[in-house]
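Enquirer: Mind folding the following:
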Amino acid sequence: MKLSDLLYPSNPKRRQDVIVLHQELLDLMKLNFKVTNELIRTMKEHLGAKITNITMKENGTIKENCDIIIQAMKSIQQEVQKLDKEIKERLEPGMYQKLYDIKQPELEKIAIAYRILSAILGEASASAGTVGIKLICSNIVIVTVNKLVALLAQIGISVLGGIAITVFALGIDVILHAILGAVERDQLLASIQSYEEHLTEFREASETYHCAINEISAAVRGNADLM
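Expert: Next up is the predicted model:
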């Protein structure tokens with residue numbers, strides 16, 4: 001038994017808590033890489049977006065991987081804003097407002113979006129209108145992306161940011177050293193608290209983001225089945 005465990009009997013459990021929380025953080029980051037790439041693929045295929053797919057940096061730190069996702073999400077935001085601006089310029093103000101009116105029939109809005117996107121892109125896929133309405137004219141995805149960007153930035157500059165993604169392969173002691181630089185009880189408690197605070201919001205935002213992108217993908221697949 002380590003001397004620190006004799007001095008602080010609760011440390012072994014707290015160490016395990018840190019490992020579990022770290023694993024959950026990494027799992028959520030992997031999910032966000034996957035979902036973001038799915039969104040990028042959909043935007044490239046149906047909206048003509050020019051965004052590069054992202055890859056998790058296995059030998060990098062949590063901050064480095066947060067920055068990769070942040071940059072991709074900012075590119076997504078820029079593409080959405082650019083298309084929204086072009087749509088607004090091509091439509092009468094009243095017609096443009098219809099796209100954002102939740103009381104308007106969705107099929108009518110999709111038809112309008114498809115017509116305008118066909119003019120903007122030169123040629124649009126059958127699902128372009130659906131993707132446009134779900135992504136450009138819906139606050140769900142944009143608000144969620146904005147929230148995730150903010151949370152990822154917070155995680156990157158927190159005590160978690162400097163931890164390497166591959167630290168699991170090095171053993172529990174190295175993980176704790178990377179997180180704390182020591183094994184004192186107060187530092188373990190601070191680390192656990194930091195993880196829990198970030199994970200609660202990050203988990204919720206990631207799940208909302210995942211559901212929103214799944215909804216877009218499901219709508220695209222539904223259109224494909226009808227063809």
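Enquirer: following the worst-scoring helix or strand of the chain on mean pLDDT, which helix or strand comes up?
Expert: Lowest by mean pLDDT, DSSP states H and E among the helices and strands of the chain is helix 3-7, with a mean of 40. Once helix 3-7 ends, the next helix or strand along the chain (criterion: DSSP states H and E) is helix 11-47.
Enquirer: That next one: which residues count as buried?
Expert: Across helix 11-47, burial judged by 16 or more other C-beta atoms under 10 Å covers 11, 14-15, 17-18, 21-22, 25-26, 28-29, 32-33, 35-40, 42-43, 46-47. All C-beta spots, glycine's among them, are computed from the backbone N, C-alpha and C.
Enquirer: what's the answer for stretch 202-213, then?
Expert: Going by neighbour count (16+ other C-beta under 10 Å), the buried part of stretch 202-213 is 202-203, 205-206, 208-210, 212-213.
Enquirer: Check what pLDDT the residue minimising distance to the centre of the chain gets.
Expert: With distances taken as C-alpha atoms, centre = their mean, N32 lies nearest the centre of the chain, 4.4 Å away. pLDDT recorded at N32 is 94.
Enquirer: what angle separates the lengthiest helix in the chain from helix 11-47?
Expert: Determined from DSSP state H, the single longest helix within the chain is helix 185-226. Taking axes from the mean of the first three to the mean of the last three C-alpha atoms, to 10 degrees, one finds that helix 185-226 is oriented at 30 degrees with respect to helix 11-47.
Enquirer: got a list of what T42 touches?
Expert: 131, 213, 216-217, 220 (C-beta atoms under 8 Å, 6 or more residues apart in numbering).
Enquirer: hmm, try it at 7 Å
Expert: Going by C-beta atoms under 7 Å, 6 or more residues apart in numbering, T42 touches 131, 216-217, 220.
Enquirer: out of these, which are buried?
Expert: Among the contacts of T42, those scoring as buried are 131, 216-217, 220 (criterion: 16+ other C-beta under 10 Å).
Enquirer: Can you lay out those residues as CSV showing distance to V141 and pLDDT?
Expert: Shown next, in CSV, are these (distance: C-beta to C-beta, whole Å; pLDDT from 0 to 100):
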residue, distance to V141, pLDDT
V131, 10, 90
I216, 8, 88
S217, 12, 87
V220, 14, 85
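Enquirer: Can you pick out the most distant pair from these?
Expert: Longest distance between any two of the buried ones among the contacts of T42 is 9.5 Å, between V131 and S217; criterion C-beta to C-beta.
Enquirer: where does I54 fall, helix, sheet strand or coil?
Expert: coil (DSSP: H, G, I helix; E, B strand; the rest coil).
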